[in-house]
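Student: curious how this folds, go ahead:
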Amino acid sequence: MWVILGVIAIVVTFINLYMYAAGKDYKLAMAMGLSYTALTLCAEYSLVSRWVKVEDWAALADVVPGMERALWFLTIVSILLNIAPIILERKGKK
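Tutor: Next up, the predicted model:
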């Protein structure tokens, strides 16, 4: 599930950037991009929670260390890309 939500977050983020570049209202796409990013993190946390409940320590040991770095990086990139139009818009008004 987290993969699907992550792909949706990426697609909506690019829609956000396209809408800004096209001069259209991008704020709904920005909110959706950030929302799907949050849902992706929640879905990943749920997956890890299931592994803990069934005591699948091998899965946790294999996946969690790498996923932690990836999720931090992708979340930061998502935030920056989604708020970039607001920053560029404010910079252009000055």
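Student: hey, let's count contacts and neighbours off CA atoms from now on
Tutor: Fine.
Student: middle-most residue in this protein, spatially?
Tutor: In the chain, the centroid-proximal residue (Cα atoms, centre = their mean) is residue 37; its distance is 2.8 Å.
Student: so that one is in which element?
Tutor: Assigned by DSSP states H and E, residue 37 belongs to helix 27-53.
Student: show me what secondary structure element comes after that helix.
Tutor: Assigned by DSSP H and E, the successor of helix 27-53 is helix 57-93.
Student: go through the worst-scoring helix or strand of the chain on mean pLDDT and flag the buried ones.
Tutor: In the chain, the helix or strand scored least confidently by mean pLDDT, DSSP states H and E is helix 57-93, which has a mean of 92. Under the neighbour-count criterion of 16 or more other Cα atoms under 10 Å, helix 57-93 has 71, 75, 78, 81-85 buried.
Student: just the pLDDT for the closest residue in space to residue 64 that isn't next to it in sequence.
Tutor: Counting by Cα to Cα, 6 or more residues apart in numbering, residue 64 lies nearest to residue 48, which is 7.8 Å off, once chain neighbours are set aside. Note on residue 48: pLDDT of 94.
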